[in-house]
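S.K.: Following is a predicted model, sequence given first.
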Amino acid sequence: MKLEKLHLDKKNNKLILRIKDSNEEMVNTLRRVILEEVPTLAIEEVELFNNSSVLYDEMIALRMGLIPIKTDLDGYNFRDKCTCEGAGCAKCQVKISLKSGKKGYVMASEAKSSDPKCTFVYDMPIVKTLAGQKLEVEATAILGRGKVHAKWCPGHVFFRREVEMEVDDKKIKDAKKIAELLPEVFELKGNKLSVNEESLYMNTNYDAAKFDGITIKETDNFIFTLESWGQLSTKEILETAAEIMVEKVEDFIGQLEE
Ligand SMILES: [Zn+2]
């Protein structure tokens, strides 16, 4: 399996790779390991001391559970595998408290975390309060995996076959019109269509194939897109996924030898 970086948008946590010398099974395994196995921090327990807002306690808890938390994978253990044996300690859980009594939106940025490295990634509204309404919450975040609950999922991953586009200038009837209809795919150079290579991995653009003279062929390569929800960088997600895949193979070999 060979990886080539095609596009990295650090601000939006998006990475697009070309994967060569592989097959659907391997690429899909990588996708599933990212979605289901790469751990992140998310709120698991919520204690509400005061909630006079319009949302039920359960809804506040659910909303807070889904807000991504910046995750320090080296700093935390899974609670059930921690030295505290599941009791909960500073090595396996982050305490997040939120106290608000003002009118208007209660925002995620008002929450205080016991670990300044592990705070909410985005400033999202949690609830809108009227004058006199209060919210006081103490929440506990722990490491978990996406296969248990989607709140621990580190991002959005998908892949598809890379396509090649061939343009036969002799068969093209109206190059200008095609370039106008699909401006992200084609540029008009003189009277000829020139393909914007970047559009081939950013979009599928199979629409282009309905015109005479344009053929789209699938190649053996894959275009792999990974968008992090913000808990981990795309690099951390891929590195952790690779480590987990190796661990699983070693575990399998170990079982065969027993
Ligand atoms: Zn612990």
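M.R.: That came in fine, so what should we check first?
S.K.: who does the longest helix along the chain touch, helix- and strand-wise?
M.R.: For the chain, the helix with the greatest residue count under DSSP state H is helix 234-257. Helix 234-257 sits against strand 14-20, helix 24-36, strand 214-228, with contacts defined as 3 or more C-beta pairs under 8 Å, 6 or more residues apart in numbering; DSSP states H and E. C-beta: built from backbone N, CA, C; applies to glycine.
S.K.: Flag the helix or strand of the protein with the lowest per-element mean pLDDT.
M.R.: helix 197-202 (a mean of 77; mean pLDDT, DSSP states H and E).
S.K.: if we can go back for a sec, would you turn the helices and strands packed on helix 234-257 into TSV with distance to the ion and mean pLDDT?
M.R.: Below are these laid out as TSV (distance: least, C-beta to the ion, whole Å; pLDDT from 0 to 100):
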stretch	distance to the ion	mean pLDDT
strand 14-20	32	95
helix 24-36	23	96
strand 214-228	26	92
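S.K.: what's the angle from the longest helix of the chain to strand 214-228?
M.R.: Going by axes from the mean of the first three to the mean of the last three C-alpha atoms, to 10 degrees, helix 234-257 is angled at 90 degrees with respect to strand 214-228.
S.K.: Contacts only, for the most far-flung residue of the chain relative to its centre.
M.R.: Ranked by distance from the centre of the chain (C-alpha atoms, centre = their mean), the top residue is Lys170, with 43.7 Å. Residues near Lys170 by C-beta atoms under 8 Å, 6 or more residues apart in numbering: Gly213.
S.K.: Tell me the pLDDT of it.
M.R.: Confidence at Lys170, expressed as pLDDT, is 87.
S.K.: any idea which residue sits dead centre in the protein?
M.R.: Geometric middle of the chain (C-alpha atoms, centre = their mean) lands on Gly155, at 1.5 Å.
S.K.: if we look at the longest helix of the chain, which residues are touching it?
M.R.: By C-beta under 8 Å, 6+ apart, helix 234-257 touches 8, 13-15, 29-30, 33-34, 37-39, 73, 154-155, 226-228, 232.
S.K.: 10 Å instead?
M.R.: With contacts defined as C-beta atoms under 10 Å, 6 or more residues apart in numbering, helix 234-257 is touched by 1, 3, 5, 8-10, 13-17, 26, 29-40, 71-73, 145, 154-155, 157, 224, 226-229, 231-233.
S.K.: do stretch 171-186 as well
M.R.: With C-beta under 10 Å, 6+ apart as the test, stretch 171-186 has contacts from 165, 167, 169, 187-200, 202-203, 205, 207-208, 211-215.
S.K.: let's see 8 Å
M.R.: Against stretch 171-186 from outside (C-beta under 8 Å, 6+ apart): 165, 169, 187-188, 191-196, 199-200, 202-203, 205, 207-208, 211-214.
S.K.: cool, and stretch 214-226?
M.R.: Looking at what lies outside stretch 214-226 - C-beta under 8 Å, 6+ apart - the contacts are 6, 14-20, 22, 24, 27, 30-31, 34, 155-168, 172, 178, 193, 201, 205-206, 208-209, 234, 237-238.
S.K.: Now with 6 Å, please.
M.R.: For stretch 214-226, contacts defined as C-beta atoms under 6 Å, 6 or more residues apart in numbering pick out 15-20, 27, 157-167, 201, 208-209, 234.
S.K.: interface residues of the stretch 1-150 of the chain facing the ion?
M.R.: Contact residues, the stretch 1-150 of the chain versus the ion (C-beta under 5 Å from the ion): Cys82, Cys84, Cys89, Lys91, Cys92.
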